[in-house]
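Enquirer: Quick one, fold the following:
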Amino acid sequence: MLSFLTSLNQILNAGNTITAFSLLLYGLTFNLKSRVARALALLFSCVTMVYFGDVLVSTSYGAGEVVVMLKLQWVGISFVPAAFLHLSDTILEATGRPSRGRRRFAVGLSYALGGITLMLVAFTDLVAIDPVLTTNAAYLSPGPLFWVFTLFYLFDVTFAGLNFMRAYRRSLTSSSRRRIVYLMIGSLGPIFGSFPFLMPAGPVVSEESILFWSIVVIINAIASIQMVQMSYAVAYFGSAAPDRVVKSRLFQWILRGPVVASTVLAVLIIVDRVEDLLGIEGNYVVSFSMVAFLLLLQYVITLIRPPLERWLFLGRDREDILRLQLLEERLLTSGDLRQFFEAILNAACDIISARSGFLAIVGENGLELEVAVGTDDPLRDRRELPPLLITNNLKTFEHLGPIFEWDIYWLIPLRMSEDENVVGIIGLAARSELPDFTEEEDDRLSMLMQRASIALADRLLQREVFDSVDRLMPRVDVIQRIRASASYADADALSRSMESLSSEEDFVSLVRDALGHYWGGPRLSESPLLELRVVREEENGENSSRVNALRAILRRAIERTRPDGDRKLTPEWMLYNILEMKFLQGMKVREVAMRLAMSEADLYRKQRVAIEAVAQAIAEMERQVVNDRKDL
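Expert: Below is the predicted model:
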């Protein structure tokens, strides 16, 4: 029984190491911009070192190696209380209560004391001395300053608990309060599991080994669940993604990471012990078992994840999300349509034995070539496709209708119905002076044209959907950010003006979108920048519309990047020239690159810097307007 418990504890320690490290990577991957997530990552890095130290101690040989691993474990133990206090400080700050200096000083002092503790453990016997090696456990004896470290540990944990309670009282919504409760409860296992209880209690618990190791196994099992609980609570801080996206992302990460890795590791340990009991030599059973379980787990996760996510996370939004997922799966992309049109053209050319053909779509500026097949290029030796209005109708067929002539091609118009306008044209290389389709060719070509028309109609409808999404996304993004902020911050987050965007990382993206549609488009007319106070001031002044006011502010911000003196093509004028040529004049990227004698890749890099300068100028203008109003 004792051997079973120690083996199980070894598996749990390895699993907790994997879980802590995996959740550390999750925070650094998806939520690195949040101070709360960075603080949790620091805590998880310390917890990882603690559990990893337990794993190294259980697999070490010789007293000297065990002592090194026990002291290495203190790299995590020394900084756990400071990291926990740091996490509580960031949580309280996220609820709208920034530090006035005292909390920040306490956090810095805690990290300093943690560093001193680590140095004392590594080079002196003041905190830990004389390793004790037993059959089932190894630990260091407490030194004279160990109890000082214990008081320091308890002080930081208590201080952090008070910060969590203050953050709970300041939270506005029931969901934010519930998540802070999750965070407080979830922190108990990793925090107290990281404390070296064996140092003071080792001589006593060694007499009750089964009871002690049973308690340790339970604590380690709960600690793994509680670390996931902490990550779940922190994942919402600073994230503008909807709750269902955060849950789904974390759920997938845990399934693909800690669950798979911990299970495979447990299988490795169990199979290795079984091999020893059965006297089987060689590692082929272990290797086969690892690979088999790895593939089996991936297979099971692939099957159960979608229904589990729908059941656990969608709730009342299930129908809306399923509709969007269906759209994503059935969406006809540009590549899909080109493949379909190529198949249509190849089939049409085979029917009439034409050597080439093309399909053009009616766009804003006339016909736009979409697909061409065969040996002839329809744009070779020609500057443009045929005009939409063609009067030389050569012949009319029963199903295809009128066929027109252009150059060496017979043109077949594509309509969504007989009475609607032309949405596209298919050109087939003429095989004779006049179209001479047989009745069978007429029927077969008519069927192909109907299918091409349906595909074009779907393409036009999808364009309308995408245009609506482009107009919707900026406002949705702002609403999601305000919703995320208002869950934990003060109530002013719901009524705060758009000047708060000046400190957000996506402000540059909004400015880039508005500049891209400077002369008209949804990213200008529907931009959240229209809510800036400087824009509203401009609207009340010289401009009669909010869009024109935003356009004027963008132009003014561009002018702020203009150096003094006459315009030149020198490096100091580079940013202004890019902005003026690309956005104000509307020149193409290739034209601007040629004018400025640079590569397109270099132009894109310089353009990014120029847009950031414009965003900074608008932010300064916004702050100036806000400060002027405060002075009134």
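Enquirer: ok, and what's touching the helix or strand harbouring F105?
Expert: Using DSSP states H and E, F105 falls within helix 102-123. The set of residues external to helix 102-123 that reach it, using C-beta atoms under 8 Å, 6 or more residues apart in numbering, is 71, 74-75, 78-82, 85-86, 89, 92, 126-128, 145, 149, 152, 156, 159, 163. For every residue, glycine as well, the C-beta is placed using N, CA and C.
Enquirer: can you rerun that using 6 Å?
Expert: For helix 102-123, the external contacting residues (C-beta atoms under 6 Å, 6 or more residues apart in numbering) are 71, 74, 78-79, 82, 85-86, 89, 126-128, 149, 152, 156.
Enquirer: Make TSV out of these and add neighbour count, pLDDT and distance to E620.
Expert: Written out in TSV, the entries for the contacts of helix 102-123 read as follows (neighbours: other C-beta atoms under 10 Å; pLDDT from 0 to 100; distance: C-beta to C-beta, whole Å):
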residue	neighbour count	pLDDT	distance to E620
K71	18	89	53
W74	23	92	49
S78	26	93	44
F79	25	94	40
A82	27	94	38
L85	25	93	36
H86	27	93	33
D89	25	91	31
L126	16	91	54
V127	27	91	52
A128	26	88	55
F149	27	94	49
F152	19	94	45
D156	25	93	41
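Enquirer: re earlier: for the helix holding F105, buried residues please.
Expert: When neighbours are counted by 16 or more other C-beta atoms under 10 Å, the buried residues of helix 102-123 are found to be 103, 106-107, 110-111, 113-114, 117-118, 120-121.
Enquirer: again, but for stretch 14-26
Expert: Going by 16+ other C-beta under 10 Å, stretch 14-26 has these buried residues: 14-24, 26.
Enquirer: Stretch 32-39 now?
Expert: Residues of stretch 32-39 classed as buried by neighbour count (16+ other C-beta under 10 Å): 34-39.
Enquirer: Tell me the first helix or strand C-terminal of the helix or strand bottoming out on mean pLDDT in the chain.
Expert: Of all regular secondary-structure elements in the chain, judged by mean pLDDT, DSSP states H and E, the least confident is helix 492-495 with a mean of 50. Scanning forward in sequence from helix 492-495 by DSSP H and E, the next helix or strand is helix 507-516.
Enquirer: how about low-confidence regions in the stretch 1-150 of the chain?
Expert: Low-confidence segments of the stretch 1-150 of the chain, defined by pLDDT under 70, are located at 1-2, 135-136.
Enquirer: Now tabulate the buried residues of helix 102-123 in CSV and tack on distance to Y232.
Expert: Compiled in CSV, the buried residues of helix 102-123 are given as follows (distance: C-beta to C-beta, whole Å):
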residue, distance to Y232
R103, 25
A106, 27
V107, 24
S110, 26
Y111, 26
L113, 30
G114, 27
T117, 31
L118, 30
L120, 36
V121, 33
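Enquirer: Can you tell me which of those residues comes closest to Y61?
Expert: Set against Y61, the nearest of the buried residues of helix 102-123 by C-beta to C-beta is V121 (22.2 Å).
Enquirer: separation between the nearest residue to that closest one once chain neighbours are set aside and M574?
Expert: Distance criterion C-beta to C-beta, 6 or more residues apart in numbering; nearest residue to V121, sequence neighbours excluded, is W74 at 4.5 Å. Summarising the geometry, the distance separating W74 from M574, computed by C-beta to C-beta, to the nearest Å, is 54 Å.
Enquirer: do F358 as well
Expert: Between F358 and M574 the distance is 42 Å, computed by C-beta to C-beta.
Enquirer: Have a look at these two and say which one is more surrounded.
Expert: The residue with more neighbours, out of F358 and M574 and counting by other C-beta atoms under 10 Å, is F358; that gives 25 against 20.
Enquirer: Quick one: mean pLDDT for the helix or strand hosting that one?
Expert: Secondary-structure element containing F358, defined by DSSP H and E: strand 356-363. What strand 356-363 shows for mean pLDDT is 82.
Enquirer: ok, the very next helix or strand once past that strand: who's next to it in the sheet?
Expert: The helix or strand immediately downstream of strand 356-363 is strand 366-374, counting by DSSP H and E. Next to strand 366-374 in the sheet, as set by DSSP bridges, lie strand 356-363 (antiparallel).
Enquirer: Identify each buried residue in the partner strand, please.
Expert: Of the residues in strand 356-363, 356-362 count as buried by neighbour count, 16+ other C-beta under 10 Å.
Enquirer: that older thread, of all the buried residues of stretch 32-39, which comes closest to L603?
Expert: Proximity of the buried residues of stretch 32-39 to L603 was ranked by C-beta to C-beta; the top entry is S34 with 33.5 Å.
Enquirer: From V246, how far off is the closest one?
Expert: S34 is 12 Å from V246, where distance means C-beta to C-beta.
Enquirer: With L198 instead?
Expert: 38 Å.
Enquirer: now do Q450
Expert: From Q450 over to V246 the distance is 46 Å, taken as C-beta to C-beta.
Enquirer: out of these two, which sits in the busier spot?
Expert: Legend: neighbour count by other C-beta under 10 Å for Q450 and V246, higher for V246 (18 against 14).
Enquirer: In three-state terms, label the more buried one for me.
Expert: At V246, secondary structure determined by DSSP: H, G, I helix; E, B strand; the rest coil is helix.
Enquirer: That one against F237, yeah?
Expert: No: if you go by C-beta atoms under 6 Å, V246 and F237 don't touch, sitting 10.2 Å apart.
Enquirer: What average pLDDT does the helix or strand hosting R463 get?
Expert: According to DSSP H and E, R463 maps onto helix 439-488. When pLDDT is averaged over helix 439-488, the result is 72.
Enquirer: try stretch 552-559
Expert: 89.
Enquirer: got a list of contacts for that stretch?
Expert: Under the criterion C-beta under 6 Å, 6+ apart, external residues in contact with stretch 552-559 comprise 534-535, 538, 543, 579, 614, 617-618.
Enquirer: just stretch 185-199 next, same as before
Expert: Residues external to stretch 185-199 that are found in contact with it (C-beta under 6 Å, 6+ apart): 47, 50, 77, 80, 84, 139-140, 142, 219, 222-223, 226-227, 229-230.
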